[in-house]
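Colleague: Need coordinates for the below:
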Amino acid sequence: MRRSRNARLNEMARTWNGPYRPYDLVKEVAIATAVIALIAVAMTILFSSPDEKPSTIKSWSRNMPVDFLTTATAELDGTSDTATYGPPYNHNGEGQHVAFIHLQEWLGVSHPIDTAYDYVIEPLRSIPNDPALSAEIDRYAKASKAQQQAWTGAYAKALEKASSSGTAVSVPAGEYGPVGPMMASLLGLAQSGGVDGALLTSRQFYQTDYTLPLLFLADVPGFMVGTAVERQGIIRHGAKMIAAMSDATVPKICVVVRKAYGAGYYVMCGRAYEPDLIVAWPSAEISVMGAEGVVEIAFRKVVDAAEDPDAKRAELIESFKKMFDVYIAAGNDMIDDIIDPRETRLTICRGLEMAQGKKMERPYKKHGVVPV
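Modeller: Numbering: from 1, shown residues only. As a prediction, this is how the structure comes out:
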């Protein structure tokens, strides 16, 4: 009896006698997607970070020149927060720790920073053709530690009474030794954007190796030559960039827009340094040196012996320019492609997509001893 009743109820449950309503699955999915998208956009507007321009040393030194000089003086005399932070930057502090757990101290100094050298002296040495400034830097470097602290301490106190007018700073007179001229030069360099560039091309340059892709727009006639630039350390600085280029494992893309001569081709991520994409505009010239340089150095006797030296020089230059044709460079596998300049942005985006998730095997301590 019970079994027959249950069977009858089950049969009744299988049959639906009520009304039917059509259900559009595609429509429901579309509505749900639109609602989620609107919520996402609203949350982005409410909680995202403001779209502000990045803060640079150039903008900081122009907007707050006294504050910039105060910070630079602290970096020079080793009293800034960075100079006294400790591991992983230096041994001048304990670093961050919780109770007896000193993880940073245990791991040691992995990213050494000498604030006086890296943030002040090295950028100042990048200023060309200024023998007076070079003499002041040497004077400061040769002074005793006590004398250096006396100069920087006096200048730091004077900055408390300094005033600014636009980008200019007026500091009361005092016994600052070479610190005054050095800080004045550093301020001018910073306000021109030179410190930003000097820090990027210092031995800390490839800290970007842990984060950002590198894009190179090459238009370089190579490294400068001559006794003046050699005294300023052109070989040392060039070696830094070449060493850093070989160490970098982040995505690297190079666009040769015009000249790429000699070692300048390589420090801008030439073929030997494993770029993920290297392309050139039709106007590009890739060679050991420019046609004019080849003629002046290698063919000077030929030009001087000609009946018409100017005509001979022009003839040789023209013949060498044909040899430097970008299509010849492409045929020698020095570039991947020759692109229309109007397609540069699209090509770069394609290269970044291609290199997304790039992984390169390197030894654990892949950053060796950088030439200093």
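Colleague: Could you point out which residue ranges in the protein have low pLDDT?
Modeller: Low-confidence segments of the chain (pLDDT under 70): 1, 9, 11-16, 49-54, 194-211, 228-229, 232, 362-372.
Colleague: Quick one: the strands in it, in order.
Modeller: Counting by DSSP state E, the chain has these strands, from start to end: 163-165, 168-170, 214-220, 252-261, 277-280, 285-287, 337-338.
Colleague: For these, give me CSV that also has mean neighbour count.
Modeller: For every residue, glycine as well, the C-beta is placed using N, CA and C. Output for these, formatted as CSV (neighbours: other C-beta atoms under 10 Å):
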stretch, mean neighbour count
strand 163-165, 11
strand 168-170, 13
strand 214-220, 18
strand 252-261, 22
strand 277-280, 24
strand 285-287, 22
strand 337-338, 13
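Colleague: Same list (those) but as a markdown table, adding distance to Val109.
Modeller: Shown next, in a markdown table, are these (distance: least, C-beta to C-beta, whole Å):
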| stretch | distance to Val109 |
| --- | --- |
| strand 163-165 | 36 |
| strand 168-170 | 34 |
| strand 214-220 | 25 |
| strand 252-261 | 28 |
| strand 277-280 | 36 |
| strand 285-287 | 41 |
| strand 337-338 | 43 |
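Colleague: what about those strands, which gets the closest to Lys145?
Modeller: strand 168-170 (26.6 Å; C-beta to C-beta).
Colleague: and the closest one, what other elements does it pack with?
Modeller: Other elements packing on strand 168-170 under the criterion 3 or more C-beta pairs under 8 Å, 6 or more residues apart in numbering; DSSP states H and E are helix 65-77, strand 163-165.
Colleague: Can you give the distance of that strand from its chain's centre?
Modeller: Distance, stretch centre to chain centre, for strand 168-170: 30 Å (C-alpha atoms, centre = their mean, to the nearest Å).
Colleague: any residues touching that strand, and which ones?
Modeller: Residues outside strand 168-170 that contact it (C-beta atoms under 8 Å, 6 or more residues apart in numbering) are 65-66, 69, 162-164, 187.
Colleague: now with 6 Å?
Modeller: Strand 168-170 is contacted by residues 65-66, 162-163 when judged by C-beta atoms under 6 Å, 6 or more residues apart in numbering.
Colleague: For those residues, pick the one with the most neighbours.
Modeller: Pro65 (20 neighbours; other C-beta atoms under 10 Å).
Colleague: what residues are up against it?
Modeller: 164, 167, 169.
Colleague: re the thing from before, mind checking which of the strands of the chain is nearest Met268?
Modeller: Across the strands of the chain, Met268 has its closest neighbour in strand 214-220 (3.9 Å, C-beta to C-beta).
Colleague: And the contacts of Pro65, which is closest to Arg21?
Modeller: Closest approach between those and Arg21, by C-beta to C-beta: Thr167, at 72.8 Å.
Colleague: My read is that the closest one contacts Arg62, right?
Modeller: Yes - here Thr167 lies in contact with Arg62, judged by C-beta atoms under 6 Å, at a distance of 5.2 Å.
Colleague: Could you name every residue contacting both of those two?
Modeller: Gln191.
Colleague: of those two, who's got more company?
Modeller: Between Thr167 and Arg62, counted using other C-beta under 10 Å, the more crowded position is Arg62 (17 against 13).
Colleague: Enumerate every residue touching that one.
Modeller: Residues near Arg62 by C-beta under 6 Å, 6+ apart: 167, 191.
Colleague: what's the distance between it and Ala168?
Modeller: Going from Arg62 to Ala168 by C-beta to C-beta, to the nearest Å gives 11 Å.
Colleague: can you check Ile57 too?
Modeller: Applying C-beta to C-beta to Ile57 and Ala168 gives a distance of 17 Å.
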